[in-house]
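Asks: Sequence below, structure please.
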Amino acid sequence: MKPGYVYIMASGRNGTIYIGVTSDLPKRAWEHREGVVAGFTKRYGLKMLVYFEWHDEITLAIQREKNIKHWPRAWKARLILDANPGWNDLYETLNQQAPGDRVDGRVKPGQDGCAKGYVGEACPECGAFTMVRNGTCLKCDTCGGTTGCS
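Replies: Here you go, the predicted model:
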């Protein structure tokens, strides 16, 4: 079985959101951003990828999407805030990591396959969404702060 992603597109911080599932997140997020597919996201201008989860099997991603769609909006917002406090657009981070290195918009613990590029995690010191892997640490490109160092 192939892997899959659950993702959330938004019009902006605390704006309109859309929850979807796909096996090719970079392609699907691009389609939403460019408005190439008619529908809800095009009509309401949802161009920002603010959250995603990677699942080993597409069937698990489909079930998770269905569950999240039934949640109250506050729960969905909390899910986004926990992984992406600034509601930053994660689209640019997608092609900088191997698909198996991401879970919930973050690097899987112990993975070193993404030595370059942003990892989708906010800096604990300045809040900037510019954390890059630096060996076993994450280092902020904005303030130089680090986290996860052993």
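
Asks: Now the nearest residue to R33 once chain neighbours are set aside. Its backbone dihedrals?
Replies: The shortest distance from R33 to any non-neighbouring residue, by Cβ to Cβ, 6 or more residues apart in numbering, is to K47 (4.7 Å). In short, each C-beta sits where N, CA and C put it, glycine included. When quoted as degrees, to the nearest 10, the phi and psi of K47 stand at phi -120, psi -10.

Asks: Tell me the confidence at K47?
Replies: At K47, the model reports a pLDDT of 95.

Asks: Mind jotting down where the strands sit in the protein?
Replies: Applying DSSP state E to the chain gives strands spanning 4-10, 17-22, 48-55, 102-103, 106-107, 131-134, 137-140, 146-147.

Asks: Which secondary structure elements does the longest one sit against?
Replies: Based on contacts counted as 3 or more Cβ pairs under 8 Å, 6 or more residues apart in numbering; DSSP states H and E, the elements that strand 48-55 packs against are strand 4-10, helix 25-34, helix 58-69, helix 73-83, strand 102-103.

Asks: I'd like those as JSON lines, with mean neighbour count and distance to E92 appended.
Replies: Converted to JSON lines, the helices and strands packed on strand 48-55 look like this (neighbours: other Cβ atoms under 10 Å; distance: least, Cβ to Cβ, whole Å):
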{"stretch": "strand 4-10", "mean neighbour count": "25", "distance to E92": "14"}
{"stretch": "helix 25-34", "mean neighbour count": "17", "distance to E92": "10"}
{"stretch": "helix 58-69", "mean neighbour count": "16", "distance to E92": "22"}
{"stretch": "helix 73-83", "mean neighbour count": "14", "distance to E92": "16"}
{"stretch": "strand 102-103", "mean neighbour count": "20", "distance to E92": "13"}
